[in-house]
Each structure stands twice: as C-alpha cells, then as structure tokens.
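1. Predicted model follows, preceded by the sequence.
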Number of protein chains: 2
Amino acid sequence: MADQLPQRLKDWIDAKVFAQLATIEPDGQPQLSTMWVGYDGDDILMSTVVGRRKEQNMRRDPRVTVLVNNPATQYGYVEVRGTATLTEEGGRDLIDQFSETYRGVRPYPQDREGAVRVVVRITASRVRDYG
Amino acid sequence: MADQLPQRLKDWIDAKVFAQLATIEPDGQPQLSTMWVGYDGDDILMSTVVGRRKEQNMRRDPRVTVLVNNPATQYGYVEVRGTATLTEEGGRDLIDQFSETYRGVRPYPQDREGAVRVVVRITASRVRDYG
C-alpha cells in the first residue's frame, strides 16, 4: 500500500530543494544522483532521459530510494523508499516545468537533439522522517 | 584497485559539506542517510553507531555509494562507489572531531550512554565527477 508524503517534505519541495535518488545497479550497488524534484499528491516526480544509467536501472529494477534534506537547517531529512514508474507521456512538459521552477528558464535548454524525456513517478512504500 | 578522490571533493569536505551515504538493505533496496564526512588520504571517513541499520547493512554487505554536492552552486556533484571497513578503534575520537568541525562542540554531546562509535572507512573503487 502506498505511504503518504509528510507535509514538511512537500514544503521543502515547494521551496525548490534538490533530492538524491538512489537506483540499483545490475551488481546490486546503489547508484546516486542529485535531481530536481516535484510531487503530485503523494507521488514524487523526477525527470530523466531514455538511455541514462539511472533510467536503465529503474527499468530493470523499479525500487528506488529518495532523500531530501531540510533546506533550512541541513539537519533533518526525509527518506522515501518506493517504486518508480516511467512514462514518456508528459516527459517534455515536466522537464520544462522544472527548468522554469528552479532556473526561471522555459523550455529547458540543455537536452541534446532527440533526447527522450521520461517522467519518473515514485510511489512511496515507506517514509521515514528523521528529526 | 583503489581510485583517487578528486581535489574538489576534498575542498568541499574541508568546507564542511554534508554527504549522502547509500547502503544496501537485506532485500537489495538502497538505504540513504545524510552524514558528516571527512577524508584520510583517498579514503572517505564517516561515523556511525553499532546496531544502527546502516551499520548492520555495511557489515552484511560493505558496498556503499557516497554522493557529495558542490556546496557553492548545488549543481555538480561527485559520486563515489566503494567498500566500507568498520572499526571501533578511533570511533569516539572521530565523532568528537566531526562535532568540533561541524558544530564547534567537543565532545559530541548526543550519543546515548554506552553507544559504541564506529569509524566507517570507505575505499573508493569508482569515482564519477559530474560537472
């Protein structure tokens, strides 16, 4: 069953915090990236590109873990374990929206020609809120 | 063979940045924590306590991944995959040193009585530096 996102995590995301995303490498070792992050209800949203390592990892094993730090103090964070669903629909719009939110630039100017943007929708299975 | 830490990662750590540590849960899903961080030559140093989940995870499977963000811009980060060695020797001194560095307080005041501090020494097997 899906778990809820704490309100303070949503507040941090509204304040344009970054998130760390952990995916699982083929050999089992975690792979880490720093990401732009949003939410839709109790799902976490991220953006990636078809063919990137993290995208390949999530297609093979959709279990991911996300960490967001309290941007005000750097102490305290929320860890979310969940499952990622990847869809191309809306992928271009999401990265443009992130680019506008984080950098005030729309459309997102940095993709190579032909890059296929993907929406990463993460449904939380377990949320831990560390003081 | 061990990989070297980039100089800019050492500079960020000298500037008292925080790091994210990923360990591997028994079921294979990554577990994430935000940590104080140091280095000794080309090893990354962290501190934890015997019995914590991350400590149990690293004893079962010592493969870890560390991410450190560029504190100046929040864009750009270094990802280090490596292997953790845990030792109790020097464990109390390391947390006291971190507490002094990050908070100006020595000794570290927040451990419960009887907490056994552990030095987490991470030898890098692969370092990726993202612009």
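-> Now that the structure is in, tell me what you want to look at.
2. Wasn't A:A2 part of a helix?
-> No. With DSSP: H, G, I helix; E, B strand; the rest coil as the criterion, A:A2 is located in coil rather than a helix.
3. Which pLDDT does the model give it?
-> If you check A:A2, the pLDDT there is 80.
4. Okay, the nearest residue to it once chain neighbours are set aside and A:D3: tell me how far apart.
-> Of all residues not flanking A:A2 in the chain, A:T123 sits nearest, at 5.2 Å (Cβ to Cβ, 6 or more residues apart in numbering or on different chains). To be clear about C-beta, it is placed using only N, CA and C from the backbone, and glycine gets the same treatment. As judged by Cβ to Cβ, to the nearest Å, A:T123 and A:D3 stand 9 Å apart.
5. any common contacting residues for these two?
-> A:42, A:82 (Cβ atoms under 8 Å, 6 or more residues apart in numbering or on different chains).
6. residue ranges of the strands in chain A, please?
-> Using DSSP state E, the strands of chain A run over A:19-24, A:30-35, A:38-40, A:43-49, A:63-69, A:77-87, A:117-130.
7. and those strands as TSV, adding mean pLDDT and mean neighbour count?
-> Shown next, in TSV, are those (pLDDT from 0 to 100; neighbours: other Cβ atoms under 10 Å in any protein chain shown):
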stretch	mean pLDDT	mean neighbour count
strand A:19-24	98	25
strand A:30-35	98	23
strand A:38-40	98	15
strand A:43-49	98	21
strand A:63-69	98	23
strand A:77-87	98	20
strand A:117-130	97	19
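8. Would you mind putting those into a markdown table with distance to B:Q20 alongside?
-> Formatted as a markdown table, the strands of chain A follow (distance: least, Cβ to Cβ, whole Å):
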| stretch | distance to B:Q20 |
| --- | --- |
| strand A:19-24 | 5 |
| strand A:30-35 | 6 |
| strand A:38-40 | 20 |
| strand A:43-49 | 15 |
| strand A:63-69 | 6 |
| strand A:77-87 | 9 |
| strand A:117-130 | 13 |
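9. Now do the contacts for the most centrally placed residue in chain A.
-> Residue closest to the average C-alpha location in chain A (Cα atoms, centre = their mean): A:M46, at 3.4 Å. By Cβ under 8 Å, 6+ apart, A:M46 lies in contact with A:19, A:21, A:35-38, A:120, A:122.
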